[in-house]
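[1] here is a sequence with its predicted model. Questions after.
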Amino acid sequence: MVDLVQLNKLYNVLDLYLVTSRVEGGPQAIVECAISKTPILSTNVGISTEILHPKSIFEETNFLEAKTDIEFAYNKVKNLTIPKGMEEYRRMLHKVYEN
């Protein structure tokens, strides 16, 4: 595990993050990409439909038409209701992005 500053640096060197899973419990990378404004495309898995723009979600048959929407994902994730005790985690991720 890396610290949040290092994690932010790693996400910000990416041109695109792809989530290609068929089954996934999250993935946390969707939240991390959204809060760090890293371009992301994903299959319809886990929380992808709650955070990503519909055009950013792809299937095998329409991958080439998928488009990233960084601002849409960022606005969705920053407005999520986070269970009590997790607010500090959201603030830390936001602080990392702002640096």
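    Arrived safely.

[2] quick one: the helices in this structure, in order.
    In order along the chain, the chain carries the following helices (DSSP state H): 4-12, 28-35, 48-51, 70-78, 87-98.

[3] closest to Ser42 out of those?
    Proximity of the helices of the chain to Ser42 was assessed by Cβ to Cβ; the nearest stretch is helix 48-51, lying at 4.3 Å. Using the backbone N, CA and C atoms, a C-beta is placed for each residue, glycine as well.

[4] give me the mean pLDDT for the closest one.
    Averaging pLDDT along helix 48-51 yields 92.

[5] what is it packed up against?
    With contacts defined as 3 or more Cβ pairs under 8 Å, 6 or more residues apart in numbering; DSSP states H and E, the packing partners of helix 48-51 are helix 28-35, helix 70-78.

[6] dump those to a markdown table, plus mean neighbour count, distance to Asp15 and mean pLDDT.
    Putting the helices and strands packed on helix 48-51 into a markdown table (neighbours: other Cβ atoms under 10 Å; distance: least, Cβ to Cβ, whole Å; pLDDT from 0 to 100) gives the following:
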| stretch | mean neighbour count | distance to Asp15 | mean pLDDT |
| --- | --- | --- | --- |
| helix 28-35 | 21 | 12 | 91 |
| helix 70-78 | 17 | 12 | 92 |
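
[7] relative to Tyr17, which of those helices is closest?
    Using Cβ to Cβ as the criterion, the shortest distance between Tyr17 and the helices and strands packed on helix 48-51 is 5.0 Å, found for helix 28-35.
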